[in-house]
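> output the structure for:
(chains A and B)
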Amino acid sequence: MIVSSGGEHLAHRGLALKQAQALARSAPVLFQLREKGLDAASIWQLSLQIAPILKEAGSILALNERFDLALATGAGGVHLPESSCPADAVRKAARGLLAGQSVHSETAALQASSAGLDYLLFGPVFHTPSKEPFGPPQGLERLREICAKVRIPVFAVGGVTPEKALACLECGAWGVAALTPFLDAEAMPETINRFFAFIPS
Amino acid sequence: MNLPRRLLCVITDDSTDPVELARLALEGGAGMVQLRRKKATGRELFQWAVRIQALCREQDALFIVNDRVDIALAMHADGVHLGQQDMPASAARSLCGPDAIIGVSVSCTDEALKAAAEGASYIGVGHIFPTFSKDKPTPPIGTAAIRTIRNAAQLPVIAIGGIDHDNAAEVIRAGASGIAVISAISESDDPAAATRELVKRIRQ
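Here you go, the predicted model:
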């Protein structure tokens, strides 16, 4: 299960920090910190605060794109957008980090897989406002094709609710990722449990 | 790594093709190129950086990346330049190793002392003169600040901000090891000639 923050930290006054605190009371997840509005010094600060909280809870913090900040702050992972620094170069420079990438096509999925990344995020599988910039939903069949073709774990993203999670797993997805269901940080442990209720471990 | 004396660092701007700008600046004798493009994707930055670094190697010039330590690490740049809103120099130093060039932008003695304590190789001091390249809410610090800040931090100073043909020599006389320019080169009709002229002025 991947929980994504979505550049909401500024707009929601510290949502990412609240989410991290809630994750201390939740089942372990991969928390993707994606705060495009913040400068590097702020992400550095935030990651120093959040990384130990998540580690304690058995979760992993993956910073968006900036593996330098991840290495410097003790975050365990880095999550690359599709337009990031090439995955093979990141893989070499950031040994020891869990590294994944968002992909929206089969070509990108195969490239990321052969670059030695640990996981992929594929989507948007279903319709969701937060993923509209990435085009129309790809659907479950596309998800199934991608999962069959790559040899690393694929997480389904985009409009995934607890109810829809099982269908994604039946297509071969390793897990699911979501952003919108977690905007209510207080309810986070419960929301994660609802997801896990639908995801056989 | 020690910085060469009387160094001209050309910084890419937000609109010109950075590889072409670097090529012309190197043709004109620039000793260092800094890739600075705040809105570019990681992929664009990486691809530009690889090409500019190759051009720099041909001319024995240095290549550094602004802010993005990740890009510098991924393509083995000579170093990075960090602003006050970027990763701390101490963190960059641990990641990049003892030989990397790590520059830090400072505008006062306190920031300069902090940069020195954190392992910076040089400080970018500015802005010296009024400039339109960056939106600066603060007034220019003037040439006299160069020596004060340099003496406090005991680090080479690369002066930045509003430096052109007319005032470059004055900045060097004021104690700077080098100068950094953006618009003086990028907005010139002939960037190679503009670079050549600036190099001449700071070596006089």
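> need the residues of chain B near chain A, please.
Taking Cβ under 8 Å from any Cβ of the partner chain, the part of chain B that reaches chain A is made up of B:41-46, B:67-71, B:73-75, B:84-88, B:91-92, B:94-95. (Glycine included, C-beta is placed from N, CA and C.)
> now, those that are in helices?
Secondary structure assignment by DSSP state H places B:42-46, B:69-71, B:73-75, B:91-92, B:94-95 of the residues of chain B next to chain A in helices.
> quick check: the farthest pair among these?
The span of those, defined through Cβ to Cβ, is set by B:Glu44 and B:Ser94 at 26.9 Å.
> ok, now which residue in chain B is the farthest from the centroid?
Relative to the mean C-alpha coordinate of chain B, counting by Cα atoms, centre = their mean, the farthest residue is B:Arg43 (22.0 Å).
> so who does it touch?
By Cβ atoms under 8 Å, 6 or more residues apart in numbering or on different chains, the contact set of B:Arg43 is A:Ser83, A:Ser84, A:Cys85, A:Pro86.
> the residues you listed: which ones sit near chain B?
The residues of the contacts of B:Arg43 that also fall near chain B, by Cβ under 8 Å from any Cβ, are A:Ser83, A:Ser84, A:Cys85, A:Pro86.
> run through chain A and note the low-pLDDT ranges.
A:6-13, A:131, A:201 (pLDDT under 70).
> could you look up the SS state of B:Ser188?
Taking DSSP: H, G, I helix; E, B strand; the rest coil as the rule, one finds B:Ser188 in the coil state.
> same deal with B:His81?
Reduced to three states by three-state DSSP, B:His81 is strand.
> how close does it sit to chain A?
12 Å (Cβ to the nearest Cβ, to the nearest Å).
> residues contacting that residue?
Applying Cβ under 8 Å, 6+ apart, one finds that B:His81 lies in contact with B:Gln34, B:Arg36, B:Ile64, B:Val65, B:Asn66, B:Asp67, B:Ile102, B:Gly103, B:Val104, B:Ser105, B:Gly124.
> of the residues you listed, which belong to helices?
Among the contacts of B:His81, no member lies in helices (by DSSP H).
> could you pull out the strands for chain B?
Ranges of strands within chain B are B:7-11, B:32-35, B:62-66, B:79-82, B:101-106, B:122-125, B:157-160, B:178-181, based on DSSP state E.
> can you list those in JSON lines and add mean pLDDT?
What follows is the strands of chain B, written out as JSON lines (pLDDT from 0 to 100):
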{"stretch": "strand B:7-11", "mean pLDDT": "98"}
{"stretch": "strand B:32-35", "mean pLDDT": "98"}
{"stretch": "strand B:62-66", "mean pLDDT": "98"}
{"stretch": "strand B:79-82", "mean pLDDT": "98"}
{"stretch": "strand B:101-106", "mean pLDDT": "98"}
{"stretch": "strand B:122-125", "mean pLDDT": "98"}
{"stretch": "strand B:157-160", "mean pLDDT": "98"}
{"stretch": "strand B:178-181", "mean pLDDT": "98"}
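> sounds good, over and out.
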